[in-house]
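>>> Build me a model from this:
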Amino acid sequence: MKKFEIIQSLVGCGVVAVIRANSLDEAKKLCDAVAEGGIVGLEVTFTVPGAENVIRSLAEDKKAKYVVGAGTVLDAATARIAILAGAKFIVSPAFDKETAELCNVYQIPYMAGCFTINEIIAAMKAGVDIVKVFPGSSASPEYFKAVHGPLPQANLMPTGGVSLENAKEWIKAGAIAIGTGGQLTAPAKTGDYAEVTARAKRFVELVKEARDEMKK
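The predicted model follows:
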């Protein structure tokens with residue numbers, strides 16, 4: 001996939017699932033459950049044991065409707081490992097210039113974690129395509145509206161603190177997409193992957209509802 005196609009797929013769905021797990025098997029089950037619910041972007045974090053193997057396994061499925069990426073990428077070296085394993089996008093908790101440069105060379109979207117205006121501008125100067133506002137739990141939809149005052153061109157995605165209860169608020173406040181992990185994947189702790197799928201489907205529905213309501 002070309003870079004613009006990857007971004008279009010992620011933004012079109014509007015939800016990126018943050019996949020954290022204690023094992024390779026658990027991570028794969030979570031990814032399958034989330035993808036079945038219609039979420040396109042699967043962010044496999046590098047806190048997962050053998051994360052690059054999960055990414056490689058998912059990336060090998062050429063018929064998949066999801067786009068697999070890597071999360072909790074702290075440096076360019078890890079980003080390269082993820083990209084070579086098949087990751088189609090890279091997500092970091094903070095902005096790293098070397099990671100941005102590497103992703104630009106490989107033409108892979110980079111979602112850097114930022115919080116302040118200065119951080120957001122620095123990331124955008126480095127070519128960051130989607131700014132991950134993190135932690136979202138410390139921000140608010142009103143914060144997005146404030147940032148878009150001076151920076152209407154900023155593509156912002158909240159991660160952390162995004163729930164079924166506030167998903168629509170974030171979209172209506174100008175979020176280009178939302179990143180969610182905790183509430184989405186919580187049922188997996190008791191082995192209820194069917195509920196993970198149900199929640200994934202609901203997140204996708206809420207984003208669509210919010211976007212449709214904004215057109216009226």
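>>> Let me see the mean pLDDT of the host helix or strand of residue 185.
If you go by DSSP states H and E, residue 185 is part of helix 182-185. Across helix 182-185, the average pLDDT comes to 93.
>>> Would you mark the buried spots in that helix?
Neighbour-count burial for helix 182-185 flags 184, 185 (criterion: 16 or more other CB atoms under 10 Å). (C-beta placed from N, C-alpha, C; glycine too.)
>>> and it, how far from the chain's centre?
Centroid separation for helix 182-185 versus its chain: 13 Å, with CA atoms, centre = their mean, to the nearest Å.
>>> Go through the host helix or strand of residue 52 and flag the buried ones.
Secondary structure from DSSP H and E places residue 52 in helix 51-59. Residues of helix 51-59 classed as buried: 51, 52, 54, 55, 56, 57, 58, 59 (neighbour count, 16+ other CB under 10 Å).
>>> okay, the nearest residue to the first one once chain neighbours are set aside: pLDDT?
Among residues not flanking residue 51 along the chain, residue 44 sits closest, at 5.5 Å (CB to CB, 6 or more residues apart in numbering). Reading off the confidence values, residue 44 has pLDDT 97.
>>> quick one on the thing from earlier: out of the buried residues of helix 51-59, who's nearest residue 139?
Among the buried residues of helix 51-59, residue 51 lies closest to residue 139 (CB to CB), at 26.6 Å.
>>> any idea how far that closest one lies from residue 204?
24 Å (CB to CB, to the nearest Å).
>>> again with residue 195
From residue 195 over to residue 204 the distance is 15 Å, taken as CB to CB.
>>> biggest helix in the protein by residues?
helix 193-215 (DSSP state H).
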